[in-house]
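Novice: below is the sequence, then the predicted model.
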Amino acid sequence: MKRLDLETLGGWTLALVWLLPLLYAFWAAFHPEAYVARFDPLAPLTLENFRSAWEQAPFARYYLNTFLMVTGILGAQIVVCTLAGFAFARFPLPGKEILFMLVLLQLFVFPEVLIVENYTVASELGLIDSIPGIGLPYVASAFGIFLLRQTFKTVPRELEDAARIEGNGWMAVLLKVYVPLAWPTYLAYALVSVSHHWNNFLWPLIVTNSVETRPLTVGLAIFSAPETGVNWAIVSAATLLSIGPLLIAFLLFQRQFVQSFMRAGIR
Amino acid sequence: MMRAHSERRRMQIYGALLLLPAALLLGAFAYLPIVLTTVRSLFLPETASQPAEFVALENYAYLFDDPVFWKVARNNLIYALVTIPASIAIALAMALLVDSRMPGRGFVRMAYFTPTILPMIAAANIWMFFYAPEIGLFNGLLGWFGIDGPNWLGDPTFALPSVIVMTIWKEAGFFMIFYLAALQTIPPELREASALEGTGRWEHFRRVTFPLLMPTTLFVMINALINAVRVVDHLFILTKGGPNNATNLLLYYVYETAFSFFDRPYAAAITMMILVFLGLLAAVQFTVVDRRTHYQ
């Protein structure tokens, strides 16, 4: 029994240590700058830091860009990966195993490693400094194709045959039989994709160079560049502004988030 | 017979069409860039007056003599060798903790997982303050004990360890999830059997649980290795690879070489080194790990 208590204590201590950076960000963001490193429980609360941060950078524009980017990528991923996953699950293709291996290669050779030549391709296609330019390298997601192929493979053939006998074409079969049954997979994939691209930085940094296309992560990095004296209170407020929507979504849908990451792991 | 044959043919064509969008995109943003990287690494950078000159393996020869490349490779190796075992060990401990019946388990689980959801850039912003020399949290804590703390990110001795500590914090909760998933597939009867035989908890963990978690450990390890190459976002905030390249990592060096020094052929040569490493990793995953892991 004693041992269990020690475990609980250890577990809780670790949890607090793990939350500390976030707790600190909240402290700094909601107090005047003078209290950034002075933890006085009676320190006055303020929203001034958020106002300053909001005025110093076009956060509204960054939100819009991030939203457009995240939904655009997810929508395109779902279409492209559904088609490819369906082909791999149900259609005879010459050299299918090798083709599938070639797709899975992307799990290792991911777009970040190829930034230099991806930039060449993106600029040849006229995609530099555009939101499609941020998203396109990620659309044919090997992980998405894999996940949907696995799911489609578990759909009983009888359902497909029945739909075929009723005179449905392949597209109708896909939309009426396979897609509805794969709903939980889509949800899990959506959560992983959205949080991944909301947080992505390196490629958006390289491909964007104006306020009109920059997502939150890139805007935040520019914002907190310590060229001038850093005001930690305002930086904390800006940081919370950038992570806010995702953090709220996480707190609301914790279980789903954790489960989708679990599912994501079994690839 | 003929009908079946032509039906099969039709399905092949249909399947190929379904694959087409993915194939085009993967071609443009994976295979073509790999080919371009290979080719470009054999040339010198083009200038305004001159086209790129073919120099065969000269970039690679330069790479082998480049002390910065070796320093960066060494940093990346240290970064991987420390962050991977540490975050895996912590992840496993976390998973065992929240798998047992502990009060407030839901909250604790959430706390461990939170860093996974945060962008690396945002996390680095907060840690930047922790490491700040004058007013930072760490030096504030050390000050209570009368210790004059170092400039964590500015001192070459402490800079890489500081970056490493932040990475471990960021990754452990993510890996915990996979261990937690694996732990939940282990039948509780095994623990009961061990208890009947009077086997201690540690002994049970060492002989039963840990071996059963081996496939998960391998999987997590591959992921952690990939991340050790892939994730460099925190360097943009924390150190920019400095001081004097003390925290520079391979991908950041590629970025600097290509987009700050505009030497894309040399960046391509460094990328090739990373690709060779990732290729080996892929081979290990497909041959060794896949044989042991079975998918759900």
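Specialist: Right, received. Where do you want to start?
Novice: what count of nearby residues applies to A:Thr71?
Specialist: The number of residues packed around A:Thr71, counting by other C-beta atoms under 10 Å in any protein chain shown, is 14. From N, CA and C alone the C-beta is placed, and that goes for glycine too.
Novice: any idea how far A:Phe91 is from A:Leu148?
Specialist: For A:Phe91, the distance to A:Leu148 equals 14 Å [C-beta to C-beta, to the nearest Å].
Novice: my guess is B:Pro119 contacts A:Thr217, does it?
Specialist: Yes - judged on C-beta atoms under 8 Å, B:Pro119 makes contact with A:Thr217 at a distance of 5.1 Å.
Novice: give me the number of neighbouring residues for the closest residue to A:Ala43 other than its chain neighbours.
Specialist: Leaving out its chain neighbours, the residue that sits closest to A:Ala43 by C-beta to C-beta, 6 or more residues apart in numbering or on different chains is A:Tyr35, at 4.2 Å. A:Tyr35 is flanked by 18 other residues according to other C-beta under 10 Å.
Novice: residues touching A:Asp129, list them.
Specialist: A:Val207, A:Thr208, A:Asn209, A:Ser210, A:Glu212, A:Thr213 (C-beta atoms under 8 Å, 6 or more residues apart in numbering or on different chains).
Novice: what do you get for B:Gly143?
Specialist: So B:Gly143 contacts B:Gly149 (C-beta under 8 Å, 6+ apart).
Novice: measure it to chain A for me?
Specialist: 10 Å (C-beta to the nearest C-beta, to the nearest Å).
Novice: same question for B:Leu238.
Specialist: Counting by C-beta to the nearest C-beta - B:Leu238 and chain A are separated by 10 Å.
Novice: thought A:Val194 was touching A:Leu74?
Specialist: Yes - A:Val194 lies in contact with A:Leu74 (C-beta under 8 Å); the separation is 6.1 Å.
Novice: ok, those two, which is more surrounded?
Specialist: A:Leu74 (22 against 17).
Novice: and that one, that's in a helix?
Specialist: Yes - using DSSP: H, G, I helix; E, B strand; the rest coil, the assignment for A:Leu74 is a helix.
Novice: show me what contacts it?
Specialist: Contacts of A:Leu74 (C-beta under 8 Å, 6+ apart): A:Ala190, A:Ser193, A:Val194, A:His197.
Novice: again, but for A:Leu205
Specialist: Applying C-beta under 8 Å, 6+ apart, the residues near A:Leu205 are A:Thr217, A:Val218, A:Ala221, B:Phe236.
Novice: need the pLDDT of it.
Specialist: Looking at A:Leu205, its pLDDT stands at 95.
Novice: A:Thr228 now?
Specialist: If you check A:Thr228, the pLDDT there is 55.
Novice: all helices of the stretch 101-250 of chain A, in order?
Specialist: A:115-124, A:131-139, A:142-153, A:157-165, A:170-173, A:179-181, A:183-199, A:202-207, A:216-223, A:232-252 (DSSP state H, counting those that start in this stretch).
Novice: looking at those, which is closest to B:Ala195?
Specialist: helix A:183-199 (35.5 Å; C-beta to C-beta).
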